[in-house]
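Enquirer: Test case, fold it:
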Amino acid sequence: MSKIEVAQPPRLAVRNISKRFQAVQANDRIGFEVAPGQIHALLGENGAGKSTIVKIIYGILQPDEGEILWNGRLVRIDSPRAARALGIGMVFQHFSLFEAMTVAENIALGLNQSGGMKALSRRIAELSASYGLALDPDRDIHTLSVGERQRVEIVRCLLQDPRLLIMDEPTSVLTPQETRQLFETLRRLAAEGCSILYISHKLYELQELCQHATILRGGRVVGSCDPAKESAQSMAQLMIGGVPATASRQRNEAVGAPRLVVSGLNLPADQPFGVTLKDVGFTLAAGEILGIAGVSGNGQDELMAALSGERLLPDASRIQFDGQPVGKLDFEQRRAQGLYAVPEKRDGCTAVLGMSLAANTLLSARGGMALSKHGLLRKSKAMAFARRIIDAYGVKADGPQAAAGTLSGGNLQKFVVGRDILQNPKALIIAQPTWGVDAGAAAAIHQALFDLARRGAGIVVISQDLDELLALSDRLMVIHLGRLTPPMPTSDVSAEAIGLLMGGAADAKGQTHAA
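Expert: Now for the predicted structure:
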């Protein structure tokens, strides 16, 4: 008598999930299944509903309608604690770690179990070694690279023996070498029966890693596919419902005169876990895009503060703009001369989420667009300028009066970048221009930067995304522990070589060590 095989139920089944935020329908009857041991991608543009649905699965949000089945059983996940109790773990794009605490202390905060720290440290060491995620439980978090910090988050999840692991943009801050190690870990977890729900805007990653993809658009499921059998182009078309936009640039080898000259810049850290800048120097020419790569926490924030005027220098001549020393000029004074800066943090830095888009134009365009006169705000001009940004950059928003917080991350980024570019700066320093945005928004931002360079502006792009830097930059430098390598023509370098430099495989002069 032959044995009858019983079909295994899906590890996770999402059925007709809907969620509305005021006028925005974030999820509209979403449904999909994740099989045991499957690496399943969620694919969609910013605002497609990916973040909302994974927050519902992890218990951060509650759905308005619909149901979730776990191993074939209807469940209610009313908190992250309840999700973890089921066996659901999540590694967020933005890590939640305390800098002054050790690896073990941080992990202990996220575990719902008792036991001594020595026993926990042993478990951390054993598990991290087993999965090739080398971690010292006694290391302070502030001494770790971004890749090592991500390992802490993953190990914290693995110690809870998850049956489903949600990864949100996990490679956005990793070097190519760290990305390969992460993929090896995820494949091993899947082989052991753990399901992976993977969110990424990097379509080639989905082709390499994932076995199935659910595609979201406008809060709805619009299709599914096997990424390995699709091209990046075909997946992008499924995602946006049409031919994806691409940025194009005719590179001009003959760049203009120097715009920004930085020489012998030394700047001590101004916070406990900051980085000291050491003998930083470079020249940015008119019409040039100069890229600065680096793992987060190697001096990018300090360099942005120095270049933007957020921190003033004792010696003004260390930063010269169009031949004039500006090191002692503040943020507003530098903008008045044509030197603009867009920091990476959107919430509370480049935008105030509770204010309207029109009001947000006042943050950096009061002078450049004459939005105030004799100390009085000119609201009609602010409204008109906000409308101009929305129209010029295809920002999806309910008009200039819409609150910045109602926009998706990609649309808000297009707005803040467009706000500065439309003021025609002579030079622009921009950090992480497309971090966390979809391919369409990234193409729009890249094209805006290309067009600005074509008009003669010099642009410095500080980013952890090597693909972006290789696509944008004429020359490329790497920042590591507060030092810059000499600039290299982008056409002469590879992502692999830059990844090694980002990881510290260079001496003080920026020369790559032999393997």
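Enquirer: So this structure: which segments form each domain?
Expert: 12-240, 258-352+425-502 (automatic domain parsing).
Enquirer: how about those in JSON lines, adding mean pLDDT?
Expert: What follows is those, written out as JSON lines (pLDDT from 0 to 100):
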{"stretch": "domain 12-240", "mean pLDDT": "90"}
{"stretch": "domain 258-352+425-502", "mean pLDDT": "91"}
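Enquirer: Dump these to TSV, plus mean neighbour count and distance to Phe385.
Expert: For the C-beta atoms, the positions are set from N, CA and C on the backbone; glycine is no exception. Formatted as TSV, the domains of the chain follow (neighbours: other Cβ atoms under 10 Å; distance: least, Cβ to Cβ, whole Å):
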stretch	mean neighbour count	distance to Phe385
domain 12-240	18	23
domain 258-352+425-502	20	15
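Enquirer: So which of the ones you listed is nearest Met369?
Expert: domain 258-352+425-502 (11.3 Å; Cβ to Cβ).
Enquirer: hang on, the earlier thing: I'd like the domains of the chain laid out as JSON lines, including distance to Ala392.
Expert: Shown next, in JSON lines, are these (distance: least, Cβ to Cβ, whole Å):
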{"stretch": "domain 12-240", "distance to Ala392": "18"}
{"stretch": "domain 258-352+425-502", "distance to Ala392": "9"}
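Enquirer: Compare those domains and give me the one nearest Gly405.
Expert: For Gly405, the closest of the domains of the chain is domain 258-352+425-502, at 8.3 Å, according to Cβ to Cβ.
Enquirer: Give me the distance between the two termini of stretch 390-407.
Expert: 12 Å (Cα to Cα, to the nearest Å).
Enquirer: Can you give me the buried ones in that stretch?
Expert: Buried residues in stretch 390-407, counted by 16 or more other Cβ atoms under 10 Å: Ile390, Tyr393, Val395, Lys396, Ala397, Pro400, Ala402, Ala403, Ala404, Thr406, Leu407.
Enquirer: does Tyr204 sit in a helix, a strand or a coil?
Expert: Put simply, Tyr204 is helix when judged by DSSP: H, G, I helix; E, B strand; the rest coil.
Enquirer: picking up where we left off before, quick check: which of the domains of the chain is nearest to Ala247?
Expert: Short answer: domain 258-352+425-502, nearest of the domains of the chain by Cβ to Cβ, at 3.7 Å.
Enquirer: Where do the strands of the stretch 51-200 of the chain begin and end?
Expert: Ranges of strands in the stretch 51-200 of the chain, per DSSP state E, counting those that start in this stretch, are 65-70, 73-75, 88-91, 164-168, 195-199.
Enquirer: do the same with the stretch 201-350 of the chain
Expert: Along the stretch 201-350 of the chain, counting by DSSP E, counting those that start in this stretch, strands occupy 212-217, 220-225, 258-267, 277-285, 289-293, 319-321, 324-325, 339-342.
Enquirer: Just the CA trace of the third one, in PDB.
Expert: Spelled out, that is strand 258-267. Coordinates of the C-alpha atoms in strand 258-267 are reproduced here as PDB (Å, rounded to 0.1, in the frame of the first residue of the first chain):
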ATOM      1  CA  PRO A 258      37.600  74.400 -10.000                       C
ATOM      2  CA  ARG A 259      34.400  75.100  -8.100                       C
ATOM      3  CA  LEU A 260      35.100  73.700  -4.700                       C
ATOM      4  CA  VAL A 261      38.600  73.100  -3.300                       C
ATOM      5  CA  VAL A 262      39.100  71.400   0.100                       C
ATOM      6  CA  SER A 263      42.700  71.100   1.400                       C
ATOM      7  CA  GLY A 264      44.200  69.900   4.700                       C
ATOM      8  CA  LEU A 265      40.800  69.700   6.400                       C
ATOM      9  CA  ASN A 266      41.200  68.300   9.900                       C
ATOM     10  CA  LEU A 267      38.200  68.400  12.200                       C
END
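Enquirer: Within the sheet, what are the partner strands of that strand, with directions?
Expert: strand 277-285 (antiparallel), strand 319-321 (antiparallel) (DSSP bridges).
Enquirer: ok, now how distant is the residue lying closest to Pro258 once chain neighbours are set aside from Ala427?
Expert: Leaving aside its chain neighbours, Pro258 sits nearest to Thr283 (5.2 Å; criterion: Cβ to Cβ, 6 or more residues apart in numbering). Remark: distance between Thr283 and Ala427 (Cβ to Cβ, to the nearest Å) = 12 Å.
Enquirer: next one: Lys19
Expert: Taken as Cβ to Cβ, the span from Lys19 to Ala427 is 43 Å.
Enquirer: helix or strand for the spatially most central residue of the chain, which one?
Expert: For the chain, Trp435 is the residue whose C-alpha lies nearest the centre (Cα atoms, centre = their mean; 3.2 Å). Following DSSP states H and E, one finds Trp435 outside all helices and strands.
Enquirer: Looks like it contacts Asp465 (just checking).
Expert: Yes: with contact defined as Cβ atoms under 8 Å, Trp435 counts as touching Asp465 (7.2 Å).
Enquirer: returning to that earlier point: residues shared between the contacts of Thr283 and Ala427?
Expert: Leu260 (Cβ atoms under 8 Å, 6 or more residues apart in numbering).
Enquirer: Could you say which one of the strands of the stretch 201-350 of the chain comes nearest to Glu310?
Expert: Using Cβ to Cβ, the nearest of the strands of the stretch 201-350 of the chain to Glu310 is strand 339-342, at 8.1 Å.
Enquirer: Which residues does that closest one contact?
Expert: 260, 304, 307-309, 321, 326, 331, 334, 350, 364, 416-417, 420, 423, 425-431, 433.
Enquirer: ok, back up a step: mind putting the strands of the stretch 201-350 of the chain into JSON lines with distance to Thr143?
Expert: Below are these laid out as JSON lines (distance: least, Cβ to Cβ, whole Å):
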{"stretch": "strand 212-217", "distance to Thr143": "37"}
{"stretch": "strand 220-225", "distance to Thr143": "42"}
{"stretch": "strand 258-267", "distance to Thr143": "21"}
{"stretch": "strand 277-285", "distance to Thr143": "18"}
{"stretch": "strand 289-293", "distance to Thr143": "21"}
{"stretch": "strand 319-321", "distance to Thr143": "30"}
{"stretch": "strand 324-325", "distance to Thr143": "36"}
{"stretch": "strand 339-342", "distance to Thr143": "29"}
